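Visitor: Pasting the sequence and the predicted coordinates here, then a few questions.
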Amino acid sequence: YKQLLADCDILLDQTLSYDRGMSGVIGMANGMITFSGNEPALAECYQKTIPCINAEPDSRKIASQLEDIIVNYPAYAHLREESKKFVEETHSVDIIAAKYLKVWSE
């Protein structure tokens, strides 16, 4: 799985989720254009825009979005970089450990 994932540029993670799963986070950390749960309310929770495409359970919409990415691939370079940065800022080991310690100490 990890070997196959390493060769991806675009990752289709989940279509019936509110937020990303670990595969989506791993894809984003590796700079993949990631389709996963990314409901609008999540931006409020994270207090920032999440560089992930909200994958809705609509195969035609996903196909259209994929076609646009493939045809205009250079225009999506920013999404790849923003994905990596987002994961570094919100999912790094240090940040998550600090959150656990804060909750545990309260």
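Guide: Structure received.

Visitor: could you pull out the strands for the protein?
Guide: Ranges of strands within the chain are 10-12, 33-36, 53-54, based on DSSP state E.

Visitor: Take these and write them to a markdown table, including distance to A75 and mean neighbour count.
Guide: Every C-beta, even on glycine, is put in place using the N, C-alpha and C of the backbone. Formatted as a markdown table, the strands of the chain follow (distance: least, CB to CB, whole Å; neighbours: other CB atoms under 10 Å):
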| stretch | distance to A75 | mean neighbour count |
| --- | --- | --- |
| strand 10-12 | 14 | 19 |
| strand 33-36 | 11 | 25 |
| strand 53-54 | 13 | 20 |
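
Visitor: which one of these lies closest to V103?
Guide: strand 33-36 (25.4 Å; CB to CB).

Visitor: Just put the strands of the chain in a markdown table and tack on mean pLDDT and distance to I70.
Guide: Listed next are those as a markdown table, based on pLDDT from 0 to 100; distance: least, CB to CB, whole Å:
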| stretch | mean pLDDT | distance to I70 |
| --- | --- | --- |
| strand 10-12 | 94 | 8 |
| strand 33-36 | 95 | 10 |
| strand 53-54 | 94 | 13 |
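
Visitor: Would you map the helices across this structure?
Guide: Assigned by DSSP state H, the chain shows helices spanning 2-6, 22-29, 41-46, 59-71, 77-90, 93-105.

Visitor: So which bits of the second one are buried?
Guide: I take that to be helix 22-29. The neighbour-count check on helix 22-29 (16 or more other CB atoms under 10 Å) flags 23-29 as buried.

Visitor: Could you pull up the residues touching the closest residue in space to A6 that isn't next to it in sequence?
Guide: Nearest non-adjacent residue to A6, counting by CB to CB, 6 or more residues apart in numbering: N30, 7.4 Å away. With contacts defined as CB atoms under 8 Å, 6 or more residues apart in numbering, the neighbours of N30 are 5-6, 8, 84.

Visitor: C45: which of those is nearest?
Guide: Closest approach to C45 among the contacts of N30 (CB to CB): K84, at 20.2 Å.

Visitor: Quick check: the gap between the spatially closest residue to that closest one that is not a sequence neighbour and I95.
Guide: Nearest residue to K84, sequence neighbours excluded (CB to CB, 6+ apart): G31, at 4.9 Å. Taking CB to CB, to the nearest Å as the measure, G31 falls 19 Å from I95.
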